[in-house]
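In: The sequence and its predicted three-dimensional model are supplied below.
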Amino acid sequence: MVTNTLRESRLKPGLQSAIDGITVLNNYTAAVLTDKAVWQELLAFQADLFIVDAVAGLGFTLADKLGVPKAMVSVAGLLPPIDVDLYGLGANNLAHVPQFNTEFTPFMTFWQRVQNTFAYAALMLVSRTVIAPLATSIWADHNIAPYNVYDSMRNLSLVIASEDFAVASARPVSPHYKVVGPLTAKPARPLMGDLRDFMDSSEAYGVVYASFGTTAVPEPHELQAVATALSALAPIKAIWKLSKQDQELLRSHNIVPGPNVVVVEWVPQNDLLGHANLKAFLTQAGTNSQLEALYHGIPFVGLPMMGEQADNVAEAAFRGAAIKVSLHDSKHLAVNLEKALRTLCQDPSYQRAARVVSHRMRAHRQSPAEIAADALEHAAWTNGSTYLRSGQNPLPWYKECLLDVLGFLALVVILAGVSVWMVCAAARRGIRFMLHRFWGAPTSTERKVQ
């Protein structure tokens, strides 16, 4: 059911997909809020801090109904301007910070900055007029203070973002917004069994790993293109992780990968990415997959399908550690995938760039999980205080943009200009009067009469 929902969601326009997703989440939230048994367990637990997910509104509404402080974990990383608007991330300079789904780098051209500004305006309009009212309905329907999504999310004591400025565009953030690094990446452990034997025996040509995560569900023609591309890489070997449903699609459409391709249902991805013989990664470029690959210094081919994935590929490509292949060119998809993967395996510049990013990600005394744990403990020990949030006093948009201050300064300049003009005009008349009185110089009126 979940797989079918994700596949249907991919085929819909972005806005409709988001609306459908929020509607489903609201239904789940309503079911939990009205479940008396679950509610009694939550009351008995007496939590000091609620750790909520960035996407699902359930955690927010439960915490608000219980009156418990909230901390949020965002596995999608930074999503301007949405995170700026909802969570009070910090500054969002449109000249330097690429907005969600623009695929821009921090060094934007003039026209890219124009597009970036329009993207900001469009995203804010959709967020304020469509997404937020729909998400807010769950608070209103169940009479839960503060009765809307904005007040709830702006009352977070802590936001933990699974993101790393070693690859993401650097930007100023509020003290309550902790960019901790890749939460799912860690030093690789030794592989076991057949997987270890397969990887160890591939030293001569290396191995390519392909996986599309858990939310990006490929279509049959896309699976055919991937199978063709991986098979064409021989003698380079390939491991292709596919769910049972997608393996059924392979069989039902008579898609048979070559003998150099091993199809598996599951692998320890973090440990596989850390193996010395792995050369490249084919991924949908979800945030976890992107960060895990770069943490281990593995360049990747990004095949973005939804959400933040296109931006993730653009960020890594800007660092020289990834190549994007578009799904829209379905006619040449297999050829483009093969070419990109072969380039990563043969061009050492991509591996060098990925290792640079990896070094920056690892150059910390604490792991991302330890940094996140420290921040969560601090939030719990301070009773969910929001003192770290910048801009704690919410302002109307015209005050946020300083339009009232700019209007005041403009008025001062206008009044000063008018005053100077009036003084100059009075001085001019006075000088003419004195000249006429003492030296008999004719006035302008007298000159006209003459």
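Out: Ah, there it is. Numbers count the residues shown, from 1 in each chain.

In: which residues touch the host helix or strand of Phe118?
Out: For Phe118, the host element (DSSP states H and E) is helix 110-126. The contact list for helix 110-126 (Cβ atoms under 8 Å, 6 or more residues apart in numbering) reads 15, 80-82, 85, 92, 94-95, 98-102, 104, 108. For every residue, glycine as well, the C-beta is placed using N, CA and C.

In: Can you tell me which of those lies closest to Lys237?
Out: The closest of the contacts of helix 110-126 to Lys237 turns out to be Asn101 (Cβ to Cβ; 34.8 Å).

In: mind checking the SS state of that closest one?
Out: Under DSSP: H, G, I helix; E, B strand; the rest coil, Asn101 falls in the coil class.

In: Please renumber the chain so that the first residue is 39 from this point on.
Out: Shifting the count to begin at 39 puts that one at Asn139.

In: biggest separation within the contacts of helix 148-164, which pair?
Out: Applying Cβ to Cβ across the contacts of helix 148-164, the maximum distance is between Leu53 and Ala133, 26.7 Å.

In: what's next to the very next helix or strand once past the helix holding Phe156, contact-wise?
Out: Using DSSP H and E, the helix or strand that follows helix 148-164 in sequence is helix 170-179. Here helix 170-179 makes contact (Cβ under 8 Å, 6+ apart) with 57, 60-61, 64, 67-68, 71, 95, 99, 102, 182-188, 190.

In: what's the angle between helix 170-179 and helix 148-164?
Out: Orientation check (axes from the mean of the first three to the mean of the last three Cα atoms, to 10 degrees): helix 170-179 against helix 148-164 gives 20 degrees.

In: List the buried residues of helix 170-179.
Out: Of all the residues in helix 170-179, those buried under the rule 16 or more other Cβ atoms under 10 Å are 170, 172-177.

In: just how off-centre is the helix holding Phe156 within its chain?
Out: Remark: helix 148-164 is offset 16 Å from the chain centroid, using Cα atoms, centre = their mean, to the nearest Å.

In: Mind jotting down where the helices sit in the stretch 39-188 of the chain?
Out: Taking DSSP state H, counting those that start in this stretch to define them, one finds helices in the stretch 39-188 of the chain at 40-48, 52-71, 74-83, 96-104, 120-125, 148-164, 170-179, 187-191.

In: circling back to that earlier point, quick one: mean pLDDT for the helix holding Phe156?
Out: Taken as a whole, helix 148-164 carries a mean pLDDT of 93.

In: Which residue ranges make up each domain of this protein?
Out: Annotated domains of the chain cover 40-222+405-432, 231-400, 438-487 [automatic domain parsing].

In: so which of the ones you listed is the most packed in?
Out: Ranked by mean neighbour count, the domains of the chain are led by domain 231-400 with a mean of 19 (mean count of other Cβ atoms under 10 Å).

In: What's the end-to-end length of it?
Out: Domain 231-400 has its terminal residues 28 Å apart, counting by Cα to Cα, to the nearest Å.

In: and what of stretch 283-298?
Out: Rule used - Cα to Cα; the end-to-end distance of stretch 283-298 is 22 Å.

In: The longest helix along the chain - contacts with which helices or strands?
Out: Secondary structure assigned by DSSP state H gives helix 441-477 as the longest helix of the chain. Using 3 or more Cβ pairs under 8 Å, 6 or more residues apart in numbering; DSSP states H and E, no helix or strand is in contact with helix 441-477.

In: ok, 10 Å please
Out: For helix 441-477, the packing partners by 3 or more Cβ pairs under 10 Å, 6 or more residues apart in numbering; DSSP states H and E come out as helix 435-438.

In: hey, C-alpha coordinates of the helix it packs on in CSV?
Out: Coordinates of each C-alpha in helix 435-438 appear next as CSV, following Å, rounded to 0.1, in the frame of the first residue of the first chain:
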residue,chain,number,x,y,z
TRP,A,435,6.0,40.7,7.4
TYR,A,436,6.4,44.4,6.8
LYS,A,437,8.3,44.7,10.1
GLU,A,438,10.4,41.7,9.3
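
In: Distance from stretch 438-453 to the middle of the chain?
Out: With Cα atoms, centre = their mean, you get 35 Å for stretch 438-453.

In: Stretch 342-350 too?
Out: The answer for stretch 342-350 is 9 Å, by Cα atoms, centre = their mean.

In: Give me the nearest residue to Gly296, chain neighbours excluded.
Out: Excluding its sequence neighbours, the residue lying closest to Gly296 (Cβ to Cβ, 6 or more residues apart in numbering) is Ser269, at 3.0 Å.

In: What of Ala391?
Out: In space, Ala391 comes closest to Gly358 once its chain neighbours are excluded; the distance is 3.4 Å by Cβ to Cβ, 6+ apart.

In: Lowest average pLDDT across the domains of the chain?
Out: Of all the domains of the chain, domain 438-487 carries the lowest average pLDDT, namely a mean of 81.

In: if we can go back for a sec, minimum distance to Arg390: which of the helices of the stretch 39-188 of the chain has it?
Out: With Cβ to Cβ as the criterion, Arg390 lies closest to helix 148-164 of the helices of the stretch 39-188 of the chain, at 27.2 Å.

In: Dump the closest one to PDB, restricted to CA.
Out: Only the C-alpha atoms of helix 148-164 are listed here, as PDB (Å, rounded to 0.1, in the frame of the first residue of the first chain):
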ATOM      1  CA  PHE A 148      22.100  37.700 -12.300                       C
ATOM      2  CA  TRP A 149      19.300  35.700 -14.000                       C
ATOM      3  CA  GLN A 150      19.700  32.900 -11.400                       C
ATOM      4  CA  ARG A 151      19.200  35.400  -8.600                       C
ATOM      5  CA  VAL A 152      16.100  36.700 -10.400                       C
ATOM      6  CA  GLN A 153      14.800  33.100 -10.600                       C
ATOM      7  CA  ASN A 154      15.800  32.500  -7.000                       C
ATOM      8  CA  THR A 155      13.800  35.500  -5.900                       C
ATOM      9  CA  PHE A 156      10.700  34.400  -7.800                       C
ATOM     10  CA  ALA A 157      11.100  30.800  -6.400                       C
ATOM     11  CA  TYR A 158      11.200  32.300  -2.900                       C
ATOM     12  CA  ALA A 159       8.000  34.300  -3.600                       C
ATOM     13  CA  ALA A 160       6.200  31.300  -5.100                       C
ATOM     14  CA  LEU A 161       7.200  28.900  -2.300                       C
ATOM     15  CA  MET A 162       6.100  31.400   0.400                       C
ATOM     16  CA  LEU A 163       2.800  32.000  -1.400                       C
ATOM     17  CA  VAL A 164       2.100  28.300  -1.700                       C
END
